[in-house]
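Student: have a look; sequence and predicted model below, questions after that.
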Amino acid sequence: MSTTVTGHGGARLAVRTAGPLGAPALVLLHGWAQSAAVWRRLLADPGLTERYRLLAPDLRGHGDSEVTESGYDDPEVWAGDLAAVLAEASGPAVVLGWSYGGLVIADYLRVHGDAALAGIVLLGAITEIGPDRQGGLTGPVMNAGLREMLSPDEGIARPALRTFIERGTAIPLSQDEQDRQLGVALSTPAAVRKALFKRDIGSAEALAGVTVPTLVLHGDSDEVVLPMAGRYAADTVPGAAASWYPGCGHAPFLERPADFDVDLAHFLTRSHAEHGKMGL
């Protein structure tokens, strides 16, 4: 199922949904140059969809959401977009951010705080961006071909993005999955791919003010977002728990799905229980 919500400034945001209305909610935020399609396994998982309401937006400029001319460097914009998605939930939601999705969560926290949240999951995530930001430390797979990946010339961007996707996981993805991710990345306008990096912002204060359960999940062999970025978040958010996946790269939910599913299920139960809303 899919729906449309109105984000900051009237931007149209496409949201994939699954699970019963009124159930405790899980919001899934994808990463840079991807879309909600990356969550298709979770959106089809009866273990989740029978108990929870899943909401997976395409971030602005990505997938089927509106490509706006500006706003990609503005925390207020990202916070407003996420607030619009959260308004579709019935009560406080657990919000999970993969990769750049973690920065969107940090933007939301700095603007709105965590009153509308039941919990936070940071999955291979950045929470800051800019030179020497500890919460945004990226590795050689991201850094090596970034200039080429941002090129508006598909002949230059395509091979760089393919290499990025192939090398981003320590446990290889299927060829179909790699091809799908490449297609989504190329369909993300080059101007958007570039605009998401035109930021320099820290998040120490926003993270230190978190009062809801928080879980950091990170592959210990991640060379896109370095494990040190995950450690920074785990050390900065009060009481945060962390799980490090041995021999796993940037996409634990695809590389180590069984372990990831167990960690997520336990966290969802705990977070919604603490807010008085157990899974159905």
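Tutor: Cool, the structure landed.
Student: C-alpha from now on. contacts and neighbour counts both.
Tutor: Fine.
Student: quick one: what helix or strand has the nearest residue to Ser243 once chain neighbours are set aside in it?
Tutor: Residue nearest to Ser243 in three dimensions, not counting chain neighbours: Leu217, with 5.0 Å by Cα to Cα, 6 or more residues apart in numbering. Per DSSP states H and E, Leu217 falls inside strand 214-219.
Student: need the CA coordinates for the following helix or strand past that strand. PDB is fine.
Tutor: Next helix or strand after strand 214-219 toward the C-terminus (DSSP H and E): helix 227-236. Provided in PDB are the C-alpha atoms of helix 227-236 (Å, rounded to 0.1, in the frame of the first residue of the first chain):
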ATOM      1  CA  PRO A 227      31.800   2.100  13.000                       C
ATOM      2  CA  MET A 228      33.200   5.000  14.900                       C
ATOM      3  CA  ALA A 229      30.200   7.100  13.800                       C
ATOM      4  CA  GLY A 230      27.900   4.500  15.400                       C
ATOM      5  CA  ARG A 231      30.100   4.500  18.500                       C
ATOM      6  CA  TYR A 232      29.800   8.300  18.800                       C
ATOM      7  CA  ALA A 233      26.000   8.000  18.800                       C
ATOM      8  CA  ALA A 234      26.000   5.200  21.300                       C
ATOM      9  CA  ASP A 235      28.200   7.100  23.600                       C
ATOM     10  CA  THR A 236      26.300  10.400  23.300                       C
END
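Student: if we can go back for a sec, and the strand holding Leu217, how far out from the chain middle?
Tutor: Counting by Cα atoms, centre = their mean, to the nearest Å, strand 214-219 is centred 12 Å from the centre of its parent chain.
Student: mind listing what it pairs with, with the direction of each?
Tutor: Strands that pair with strand 214-219, judged by DSSP bridges, come out as strand 117-123 (parallel), strand 241-245 (parallel).
Student: can you check what angle separates the shortest one from helix 227-236?
Tutor: Yep, that's strand 241-245 we're talking about. Inter-element angle recorded for strand 241-245 and helix 227-236: 160 degrees (by axes from the mean of the first three to the mean of the last three Cα atoms, to 10 degrees).
Student: and the longest helix belonging to the chain, average pLDDT?
Tutor: When the chain is parsed with DSSP state H, its longest helix is helix 257-274. Averaging pLDDT along helix 257-274 gives 96.
Student: may I have it as CSV, with CA atoms only?
Tutor: The C-alpha trace of helix 257-274 is given here as CSV (Å, rounded to 0.1, in the frame of the first residue of the first chain):
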residue,chain,number,x,y,z
PRO,A,257,18.8,-10.4,8.1
ALA,A,258,18.2,-13.0,10.8
ASP,A,259,20.3,-11.3,13.4
PHE,A,260,18.9,-7.9,12.5
ASP,A,261,15.3,-9.1,12.7
VAL,A,262,15.8,-10.5,16.2
ASP,A,263,17.4,-7.2,17.4
LEU,A,264,14.7,-5.1,15.8
ALA,A,265,11.8,-7.3,17.2
HIS,A,266,13.2,-7.2,20.7
PHE,A,267,13.6,-3.4,20.5
LEU,A,268,10.2,-2.8,19.2
THR,A,269,8.6,-4.8,21.9
ARG,A,270,10.6,-3.0,24.6
SER,A,271,10.0,0.5,23.2
HIS,A,272,6.3,0.2,22.7
ALA,A,273,5.9,-1.5,26.0
GLU,A,274,7.5,1.4,27.8
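Student: in it, which residues are buried?
Tutor: Phe260, Asp261, Leu264, Phe267, Leu268, Arg270, Ser271, His272 (16 or more other Cα atoms under 10 Å).
Student: so where's the protein uncertain?
Tutor: Regions of the chain meeting the criterion pLDDT under 70 cover residues 277-280.
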